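**Q** I'd like to go over a predicted model; first the sequence, then the structure.
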Amino acid sequence: MRLLLPLLLVTSALFVASAQEAAPPADPGVDPLAVVEGALVRFVHASPNAGAANLVVISATAGLDERHDVELDYMESTEYLRLPEGRYDIVVDLVGQNGDPVAMAEQLHTIPGGVYTVALVGLVLDEPEDEADPGDGLLEWIQDLFTADRPELALRALVLDDAGSSIGGPDRVAYRVVHAAPGTDDVDLVHVRDDGADVLATVSYLDASTFSAVAPDVGTLEVRAAGTTATIDVLSDVRHAPGLIHTVFLVGTPIEEAEPLQTLVATAGWAELAPEGLGVTGGTRLTGVMTAPELATMRELLVALGQRVDAAGYQLTDLEVEDDALVEARRELSAAALLLEQAHQLLDSAERRVP
């Protein structure tokens, strides 16, 4: 199912509407709605005991010869790397340790204009070296946390879809939270203001929230124990400015002696990730201004497209056969619905700019 490509075309058209000034006429031989080639992928190291790690990106698509090695230390992240459209395996090797790769992500499938984050999360699990009685409940808990009888905490590469990054727009600041702290209960991402506090998202271990757009330069963001006012970390060093998109990782462990809980924030700019900001070889920067009637027509098209997406979803729900193709179709449909929601939000922003 290839619902994402038409949705990306529609979303790209909305950026035409949001342009502030009319640009010179484009080359008549250039398609103004051309989708950029390839995707953007960045990498984050959020495993508290893996040490230096090498994330190896290997193409798994026939005819696509791509390999990239990304070496990171704990709490490090990278800028976005451009990859051609296709499927990739993400293999993790621990630097300085011999043996087989220790983790592999669910296969990364990139689409034109897609934006992704690959995060190394979890623990390197092993049997405790010291079999003696630790004699201390705290030490025993730390040893239990890192042993192989906790497979749910095992090291892995977590693939996140950053397509929701456009939700904030140039006038808002957007946040999402990713729970990457093994052994830690659910947490809230909270927007704290002088007149109160709003819980933007609640996540469990290995979960990532959707993006939430908030007014810039108002209040601060905190990560709290879910359902309480107990603050785990305050995002005091994060720029709460318009046009920024923050992914907040909770990292570490509940035991400070092992690795303290803290936040790691990966930030990007809205303009950097918007289709018009991806104009590189093979892509086209979008220019021009849409009129109010054209925007109204675009809204009607989005509504009709949404009805088609809903109808396809109902048909997939009624199917009884479970195979890889059906699972992939449902994943694509879910991604398409998210892009459609973002397109409506971008259109809202564009309509406010048109007299």
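**A** Perfect, thanks for sending it. Residues are numbered from 1 along each chain as shown.

**Q** in stretch 54-74, which residues are buried?
**A** 54, 55, 56, 57, 59, 70, 72, 74 (16 or more other CB atoms under 10 Å). Every residue, glycine included, has its C-beta placed from N, CA and C.

**Q** restricted to strands, list the residues you listed.
**A** 54, 55, 56, 57, 59, 70, 72 (DSSP state E).

**Q** farthest-separated two in the buried residues of stretch 54-74?
**A** Greatest spatial distance among these (CB to CB): 59 and 74, at 27.4 Å.

**Q** would you list the ones in strands among the buried residues of stretch 54-74 in TSV and tack on distance to residue 309 and pLDDT?
**A** Converted to TSV, those look like this (distance: CB to CB, whole Å; pLDDT from 0 to 100):
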residue	distance to residue 309	pLDDT
54	39	92
55	33	92
56	36	91
57	31	93
59	30	92
70	35	94
72	37	96
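
**Q** could you dump these to TSV with distance to residue 188?
**A** Formatted as TSV, those follow (distance: CB to CB, whole Å):
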residue	distance to residue 188
54	34
55	29
56	35
57	33
59	39
70	31
72	28
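
**Q** from the residues you listed, which is closest to residue 151?
**A** residue 55 (21.1 Å).

**Q** how near is that closest one to residue 198?
**A** Here residue 55 is placed at a distance of 35 Å from residue 198 (CB to CB, to the nearest Å).

**Q** same deal with residue 242?
**A** From residue 242 to residue 198 the distance is 18 Å (CB to CB).

**Q** and residue 266, which of the three is it?
**A** Assigned with DSSP: H, G, I helix; E, B strand; the rest coil, residue 266 falls in the strand class.

**Q** that one: neighbour count?
**A** Neighbour count of residue 266, defined by other CB atoms under 10 Å: 21.

**Q** likewise for the one 4 residues further on?
**A** Other residues within reach of residue 270, judged by other CB under 10 Å, total 21.

**Q** can we start the residue count at 7 from this point?
**A** Sure, I'll start counting at 7 from here, so that last one is residue 276.

**Q** so it sits against residue 177, correct?
**A** No. Residue 276 is not in contact with residue 177 according to CB atoms under 8 Å; the separation is 9.0 Å.

**Q** what is in contact with these two at once?
**A** Common neighbours of residue 276 and residue 177 (criterion: CB atoms under 8 Å, 6 or more residues apart in numbering): residue 249.

**Q** tell me the bridge partners for residue 127.
**A** Taking DSSP bridges, one finds residue 162 as the beta-bridge partners of residue 127.

**Q** what's it in contact with, if anything?
**A** For residue 127, the contacting residues are 52, 53, 161, 162, 163, 164, 186, 188, 212, by CB under 8 Å, 6+ apart.

**Q** most widely separated two among these?
**A** Greatest spatial distance in the contacts of residue 127: 163 and 188, 14.7 Å, computed using CB to CB.

**Q** please say which of those two ends up with more neighbours.
**A** More crowded of residue 163 and residue 188, by other CB under 10 Å: residue 188, with 28 against 24.

**Q** tell me the SS of the more buried one?
**A** coil.

**Q** and the pLDDT for the closest residue to it other than its chain neighbours?
**A** Of all residues not flanking residue 188 in the chain, residue 159 sits nearest, at 4.3 Å (CB to CB, 6 or more residues apart in numbering). pLDDT recorded at residue 159 is 85.

**Q** so residue 159 touches residue 128, yeah?
**A** Yes. Contact criterion CB under 8 Å: residue 159 and residue 128 qualify, at 5.6 Å.

**Q** OK, contacts around the residue positioned nearest the centre of the chain?
**A** For the chain, the residue sitting closest to the mean C-alpha position, by CA atoms, centre = their mean, is residue 168 at 3.3 Å. Going by CB under 8 Å, 6+ apart, residue 168 touches 46, 121, 122, 123, 251, 253, 274, 279.

**Q** where does pLDDT dip in the stretch 157-306 of the chain?
**A** 170-174, 280-297, 300 (pLDDT under 70).

**Q** alright, calling it a day.
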